[in-house]
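Undergrad: Got a predicted model here, sequence first, then my questions.
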Amino acid sequence: MHKARCGWVVCALLVMVAALTGCDRISGSADSGEGRLGESEQVTPTRTAGFGTQFLGVDECSSFGRTSFTEVPCTSERAAARVVARHDGKQSEGPACPATTDFVLHISEQKPSADEDGDGAVPQGYACMRKLQKPHPGDPGGGGGPRTIVGDCVYSAGEGEVRETACDGKGEKSPEYKVASAVEKRADCPASTVLYVQLGGPKPVGCARPL
């Protein structure tokens, strides 16, 4: 149980990061390559007090803000998202977030020259976040999240390029294709497949059909 202390405060630059950090999840068509699309935030931590031994550790919660995120108790009214997985290093070099992750916080390394207890350093890493309340963009058909999964929908975004959108049609773009299944290689997709979508994992190819 966490004591009622200040928490760790982080400044968040609300910007999209490059494709290598999981920002752009672009699904490849049958005639093109494959890629990725999703959402993430780059945060630079400033630790004043802590709830645990790791900043934004698994099962810790964060608040939402336009310019900053703060680690808060999950029972707090300010709690908005929970950490479902936490890894050190770069996301492009580390394990993938769980399939239904809503967004990713990329945490910049910080090594303060001095602090009260000598443990104020925060290593570079990333936290896979799940919102505490709906809607969940990482759910199948939700229209967002750092990963494409079975059940997601996409639309044409240019020659040989598609992007994810909500399957219910409430997104900015109407859905045109749906990822119906995941297989190990393209040859295993059904005949109705018109797009091959990069999913990652043991079955990295998503078979998308037209809607």
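TA: That came in fine, so what should we check first?
Undergrad: Name the spans of this protein whose pLDDT lies under the cut-off.
TA: Where the chain drops to pLDDT under 70, the residues are 1-53, 65-68, 110-120.
Undergrad: switch to 50 and redo it
TA: 1-38, 44-50, 116 (pLDDT under 50).
Undergrad: Strands of that one, start to end?
TA: Shown for the chain, the strands assigned by DSSP state E span residues 8-13, 26-28, 40-47, 61-62, 68-72, 81-88, 103-107, 125-131, 153-158, 161-165, 177-183, 195-198, 205-210.
Undergrad: now those in JSON lines, with mean neighbour count and distance to P140?
TA: Every residue, glycine included, has its C-beta placed from N, CA and C. Formatted as JSON lines, the strands of the chain follow (neighbours: other Cβ atoms under 10 Å; distance: least, Cβ to Cβ, whole Å):
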{"stretch": "strand 8-13", "mean neighbour count": "18", "distance to P140": "27"}
{"stretch": "strand 26-28", "mean neighbour count": "24", "distance to P140": "14"}
{"stretch": "strand 40-47", "mean neighbour count": "20", "distance to P140": "20"}
{"stretch": "strand 61-62", "mean neighbour count": "26", "distance to P140": "24"}
{"stretch": "strand 68-72", "mean neighbour count": "21", "distance to P140": "26"}
{"stretch": "strand 81-88", "mean neighbour count": "18", "distance to P140": "16"}
{"stretch": "strand 103-107", "mean neighbour count": "23", "distance to P140": "16"}
{"stretch": "strand 125-131", "mean neighbour count": "25", "distance to P140": "14"}
{"stretch": "strand 153-158", "mean neighbour count": "18", "distance to P140": "9"}
{"stretch": "strand 161-165", "mean neighbour count": "23", "distance to P140": "11"}
{"stretch": "strand 177-183", "mean neighbour count": "20", "distance to P140": "8"}
{"stretch": "strand 195-198", "mean neighbour count": "24", "distance to P140": "13"}
{"stretch": "strand 205-210", "mean neighbour count": "22", "distance to P140": "11"}
